[in-house]
Structures are given as C-alpha cells and as structure tokens.
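[1] Provide a 3D model corresponding to the input given below.
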Amino acid sequence: MIIKNLIVNNFRVFRGVHEIDLAPRKQKDYHETAAPIILFGGLNGAGKTSILTAVRVALYGRAAFGRGMSSAEYQDQLDALIHKGTDLSEGKCSIELVFSHSQNGLESEYKVIRGWSKGQKDKLVLEQDSKKIELNYEQCQSFLNELIPSGIADLFFFDGEKIAELAEDESGEVLQTAVRRLLGIDVVERLRNDLAIFLKRHDASAMPTNIKTQIEKLETEQQKASQEAKAEANEAVLCKARVQLITDDIGKAEAALSQRGGAWAQSREQEIEKQNTLENERKDLEKTLRTEIEGSLPLSLSPNTLSKLFEQLDNEKSAKQSQSFNTELDSFMTELSKALSFRLTDAKTALDTIKDCLNERNINQNSTDLLLDISDREYNTVYSQANIQAKKSSSTFNVVKQQLAQVEEQIANLSSNIARAPEQEQLQSQLDIIKTLNNKRTNAILKLKETAESAKRKYREAIENARKIQKLHDKHKVAHNAEASLLNAQNAHLMLAEFSEKLTDIRVKQLEAEFIKSYKNLARKEDLKLSARINTKTFDVELIDDKQQTINRKALSAGEKQIYAIAILEALGKTSGKQLPIIIDTPLGRLDSKHRDKLISNYFPEASHQVIILSTDTEIDEKYFNCADFKYGISHAYEIKFDGVTQSSKLKEGYFWEQKSKTVAEVN
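    Numbering: from 1, shown residues only. Below is the predicted model of the structure:
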C-alpha cells in the first residue's frame, strides 16, 4: 500500500482545502527507486497530529477513536474535528484519501471520501480506479476494514502516546491485544464463545428435570431482574431530567431575584456592618488630624517666617554672648590697669593701646536689638518644635488625610449600595420560592440516588442469576448424542482452542526473533547480547542478557523503554506480513542523542517503503536533517506553520531550514 494524496477541508487547524502530496518521489542523484521518507515539521500545536488523525478517520471512522464508542460520542468527536478558526462559517468538514493497494497480485487505486456537517452523521464514498463503488455506508466501512484491518493499522499508524503506552505497560495487556488482533485470535475467541452457547443449549436437553427446573426459575428471575433494572434505569434518567428542570427553575428564580435587587439585598447587612466600622475609623482619623493641628503642625505651614525667626534668635544669641564677653572684659581691664600700673613705668601707653583695640572691635561688631530675649533652653525647645516635630506632624497629617479620603470614598460607595438594596420584606416572596425549589431539588436528588441504587441492585441480581445458571450448566454437562452438528460443534470448539494456542506459540516465537533483531539494531549499547522471551499466556516480555539474567524493565530509562516499544512495534509489523506505510508522530521526544542517532540512521530509512514522519524542530533538527543516512532517504518535506491571527495552519513544501516558494494548495 502507498498513500498518494491527502485532501483535508476545514479539518482541525487546517482552514479551507489543503491538498497534500504524499507519494514517495525519486531523488535523481541518490536513488534508483523512490525515497521512502515524507517529513512534516511543525511546532507544537501547528497541526502535525492532524495529518495522522485525518488518515485514521478517513479509513476507519468510529474505530479510529477506539473500540466501544457510542454513536453520540462518535458524533461529538466528529464535531470537535471541524475547523473553528476566524472568518469561516463553521459546520462542514471532509477528508479525501487516495492510496494504491494490491490484492491477489492486482494493484488498484482507491479514493476514500468521508465528510460530515456539525451535528450530523458522516457520509462515506469509496472509489476504485476512479469508479464509484455502489455500497452503502456500512458496506463501504466493512470493505475498508477488510482491505486494511484496523488492528493491523495500529501497528503502522501510531504516535508518541502509543509508544509510551506500550513502553510503560508492565501487565502485557497492550501487547496481548495487539498480538490477538494481529493473529485474528480475538475472532477465534468469539467463535468459541458462540459454539459454547450452542453446546449449552444442547446440554439443557439432557439435564435432569430438577436441574432444568432450577435453571428455568433462575432464568425467569434473571429476566425479571433485568426488566426491573431497565425500568429503574429509565426512571433514574427521568429523575435526572427532573433535577435539571428544577435547577433551571432555581436559576430563573435567582435571576428574577437579582433583577429586583436581590444581589444587593444578600449583602445589605454586611454592607451596613462594614459602613459602621468605617465610620468609627473615620472618627479616629479625624481625631488624629485635630491632634496634629493642635500640636506642631501649624509651624510647618510658614517656613519663611520661621527662617526669619531663627535668624533673629541666632543674632540675639550672638549679641548676648558679645555683651557677656564685654562685661567680663571690662572687669578684666580694671584689674589689668591696676596690675600694669604697679609693674610698668609707662602703663598708660599700653592701656590706651589695648582700649583702642577693644573699641575698634566693638565698632566692627553687628549691633542687634534684643526683641525676644529667650534663654538657650527656650531656644532649643522652639527649634525642636519647628524643625523636628513640625516635619513629623506634617508627614503624619498627610498620611492620615489620604487614609481619611479613602475611608470617606468607601463609605460613599457603601451608602450607594445600601440605597440600592430593597428591604428584606420586599424580597421575601421570591426568597420563599427559591427555598421551596431548593427543597424540591434536594428531594429529587435523593430520589435519583435511590432509583440509581435500586437499578444497580437489580443489575447485580440479574448478573448473579446468570452466574448461577452458568455454574449449573458447567456442573451438569452430559454426554451428547451422535448428532453430526453437535459432534462437529464439540470438535470445532476443542480444535479452535488448540489452534489458538499453537498459532500463538508459533507467531510469538517469530515475534521474539523479529524483536531481538530490531532491538539490537536500535539499542545504544552495541555490544549487548540480548535475547527475549514472551510469555504466551500473559504476553509479558522478558529481556535476557548474555548471562541469562532477566533485565528489570522498570530499571530502564524512559529513552530505553521507548526504544523497546518501537522495536516491539516494528517486530509486530514485520510479523503481520503486511506491506503498509508507517506514519509516526513525535517519535524522538524522550530519547537521548545516541538513541536518536540510531533511529535516524537505522530505523526511519529502512522501516517501510513509505515512512511519514511528523516532527518538531527539536526532534529532527538541522543536524539530523542533513545527516547522510537520513537525508538521502527523504522524498520531500513540508513545514506546517500556525497563524495566530486566523487560528489556522498552512503547509509549505520544504523544512525549517529549506523552504520552497510553492505553498500547498489552499482554497478558502
């Protein structure tokens, strides 16, 4: 099989129609045959996974999302896939997938067209060699499932989550499911179950009367319990609907209450209490302001006057110091005159000289009138009030003033809210309605729980009766007559069990060999002599080293576990014998550089005849893109770019570091 073309229309992040050429191309200089790798590059969220999803949805429809999905859940999944970007009417989406496939030596080209509108079931059209195949939806889907079974495709179309799921699976359930689907053992098991039912019916014909009576009684009770369980389940659905209706009525009543001011009334008491608290706070702030005004604050309001005051005080202080000095000096001059008269013959000349100097000094001194005449202690007190306490008081006053303004604004807002709120009596009737509805809803919820529990009990009773019936059948099996159909059924039942067991043994051995080959090719430790053993009952994989010691898979690193998972997937693909393309999304996320080197060189170029890789720029980066082993295997590449304005992505041929001018066709 080769996927040739993919066309998506309004699919996930892709707005409008995008046609993507996926057919491998020949590299003129490097290959005689087509290079296998088609590489998509894009940042997270750009739309890489959308490519894988589109292929799976086109081929498998509901099965693309897993088994057991209901029609409603499938419809929700389809609706979620419709593009929801800007400037585009939502509601329609389609996928076209063109591929070639060989059956019985004949190659045909198929086109799958799957389209849907929001809220509507998808439509499926299938063409073979440009001719429409006249089949209905279910027939077309069955044809595709037979052409490419979904269980097989899971081994070829996978993403990082599939790898991680297999890597972390320690129970063997994931591998067991894959092998059973690969070998068709799940179909064999269903056939065996059908035969068991057939044999059980024939067993009943030969049972003793009393056993038949017990079984008939149990079957009657089982049928009754099942019917009652269904009735209770239906009643539970109705109860749930009633709860929802009452909830809606409560919402409407609360909306009506809100329109009448109920929202304000609910907080009215709290608003009043808060207003009283703020009023007390305002009184305290006003008291603080008055205290500052009565204290040193006024002194901070006239800095120029205070400057002149202290200039006068400083001058008076100097003048008083001079006066005191002069008084002391006069007294000293009298004593000096007497002393000089006794010691000098010409004392008068010396005294006159001293007096002239003193007189000249007094003349040069500034004379200041003592207007205030305060003491040094009083001066220090005034200085402290004007230059220290007044500044502190001014700062306190400004802070308190700002707090007061905020409090007054809050009080005004609260007053407005309180004024909006109606009195409690005006809303009481509406509140009573809401209270009644809440009580009604509580009773409805209790009824819902009671009904649901009753349904569960009835279901358990029906299951228990079915178990008892099966136990009686198993306990009282009888010899069957020689009727051909019955004998054939018995033999087929036994043969299928043996066939399933032997087929599993053979294919598991083949799977072990393929796994060892793949793991050694991808593992980082090249000298590792590794073997593997797969339990055919539990499907747990044991890795065995060269000393025949079991390697604990829990001890493997995240990257080693991922290499293990990729090796398992490759081995399963080869064991299937199918020649299908491989699509792998974000394959290198948890690998170190050496593991990545192995995959780039040994896995991708040889994995299949067509390998579609969806990568970020940090996985297959410029180094790997230009690696010879990998580069020569690249047919062509695309870069997916997301536009945040339009909320959509476009594809351009080329990779992050190599771009071509041609943009993939898009029709808005």
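[2] Spatially, which residue comes closest to residue 313, not counting chain neighbours?
    Counting by C-beta to C-beta, 6 or more residues apart in numbering, residue 379 is the residue found nearest to residue 313 once chain neighbours are left out, at 5.8 Å. For every residue, glycine as well, the C-beta is placed using N, CA and C.
[3] Tell me how far that neighbour lies from residue 371.
    Distance of residue 379 to residue 371, given as C-beta to C-beta, to the nearest Å: 14 Å.
[4] What count of nearby residues applies to the residue nearest to residue 447 when sequence neighbours are not counted?
    Leaving aside its chain neighbours, residue 447 sits nearest to residue 239 (5.2 Å; criterion: C-beta to C-beta, 6+ apart). A total of 20 residues lie near residue 239 under the criterion other C-beta atoms under 10 Å.
[5] Residue 239 is in contact with residue 453, isn't it?
    No - taking C-beta atoms under 8 Å as the definition, residue 239 is not a contact partner of residue 453, at 11.7 Å.
[6] And for stretch 277-284, what's in contact with it?
    With contacts defined as C-beta atoms under 8 Å, 6 or more residues apart in numbering, stretch 277-284 is touched by 404, 407, 408, 410, 411, 414.
[7] tell me the contacts of the third one?
    Taking C-beta under 8 Å, 6+ apart as the criterion, residue 408 is in contact with residue 282.
[8] ok, residue 627 - how many residues close by?
    That count, for residue 627 with other C-beta under 10 Å as the rule, works out to 16.
[9] residues contacting it?
    Residue 627 neighbours (C-beta under 8 Å, 6+ apart): 600, 601.
[10] Can you pull the phi/psi pair for it?
    Main-chain torsions, residue 627, degrees, to the nearest 10: phi -70, psi 130.
[11] Distance of it relative to residue 567?
    Residue 627 sits 21 Å away from residue 567, going by C-beta to C-beta.
[12] Which one's more surrounded, residue 379 and residue 371?
    Counted by other C-beta under 10 Å, residue 379 and residue 371 do not tie: residue 379 has more neighbours, with 16 against 9.
[13] okay, the helix or strand harbouring the more buried one in CSV with CA atoms only?
    Assigning secondary structure by DSSP states H and E places residue 379 in helix 376-384. Provided in CSV are the C-alpha atoms of helix 376-384 (Å, rounded to 0.1, in the frame of the first residue of the first chain):
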residue,chain,number,x,y,z
ASP,A,376,19.1,78.8,75.5
ARG,A,377,16.6,76.2,76.9
GLU,A,378,13.7,78.0,75.3
TYR,A,379,15.6,78.4,72.0
ASN,A,380,16.2,74.6,71.9
THR,A,381,12.5,73.9,72.6
VAL,A,382,11.4,76.2,69.8
TYR,A,383,14.0,74.7,67.4
SER,A,384,12.8,71.1,68.2
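[14] Okay, angle between the helix or strand just after it and helix 376-384 too, please.
    Following helix 376-384 in sequence order, the next helix or strand is helix 390-420 (DSSP H and E). Orientation note: helix 390-420 sits at an angle of 40 degrees relative to helix 376-384 (axes from the mean of the first three to the mean of the last three C-alpha atoms, to 10 degrees).
[15] Of all the residues in helix 390-420, which ones are buried?
    Buried residues in helix 390-420, counted by 16 or more other C-beta atoms under 10 Å: 390, 393-394, 396-397, 400, 403-404, 407, 410-411, 414, 417-418.
[16] cool, stretch 286-300 as well?
    288, 289, 292, 295, 296, 297, 299, 300.
[17] taking these one by one, which sit in helices?
    Cross-referencing the buried residues of stretch 286-300 against helices under DSSP state H gives 288, 289, 292.
[18] closest to residue 24 among those?
    Lowest distance from residue 24 to these (C-beta to C-beta) belongs to residue 288, with 85.9 Å.
[19] residue ranges of the strands in the stretch 1-150 of the chain, please?
    Using DSSP state E, counting those that start in this stretch, the strands of the stretch 1-150 of the chain run over 2-11, 14-21, 37-42, 92-103, 106-117, 123-128, 131-132.
[20] Put together a markdown table for the ones in helices among the buried residues of stretch 286-300, with pLDDT and distance to residue 209 on each row.
    Formatted as a markdown table, those follow (pLDDT from 0 to 100; distance: C-beta to C-beta, whole Å):
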| residue | pLDDT | distance to residue 209 |
| --- | --- | --- |
| 288 | 88 | 103 |
| 289 | 85 | 106 |
| 292 | 85 | 109 |
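[21] Among those, find me the one that's closest to residue 548.
    residue 288 (88.5 Å).
[22] As CSV, the buried residues of stretch 286-300 with distance to residue 279 would be great.
    Formatted as CSV, those follow (distance: C-beta to C-beta, whole Å):
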residue, distance to residue 279
288, 15
289, 16
292, 21
295, 25
296, 29
297, 25
299, 32
300, 29
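[23] Among these, which one lies nearest to residue 543?
    Of those, the one sitting nearest to residue 543 (C-beta to C-beta) turns out to be residue 288, at 80.1 Å.
[24] What sits closest to the closest one if chain neighbours are left out?
    Per C-beta to C-beta, 6+ apart, closest to residue 288 is residue 400, 5.0 Å.
[25] residues in contact with that neighbour?
    Per C-beta under 8 Å, 6+ apart, neighbours of residue 400: 285, 288, 289, 292.
[26] at 6 Å instead, please
    285, 288, 289 (C-beta atoms under 6 Å, 6 or more residues apart in numbering).
[27] If anything else comes up later, I'll come back, but that's it for now.
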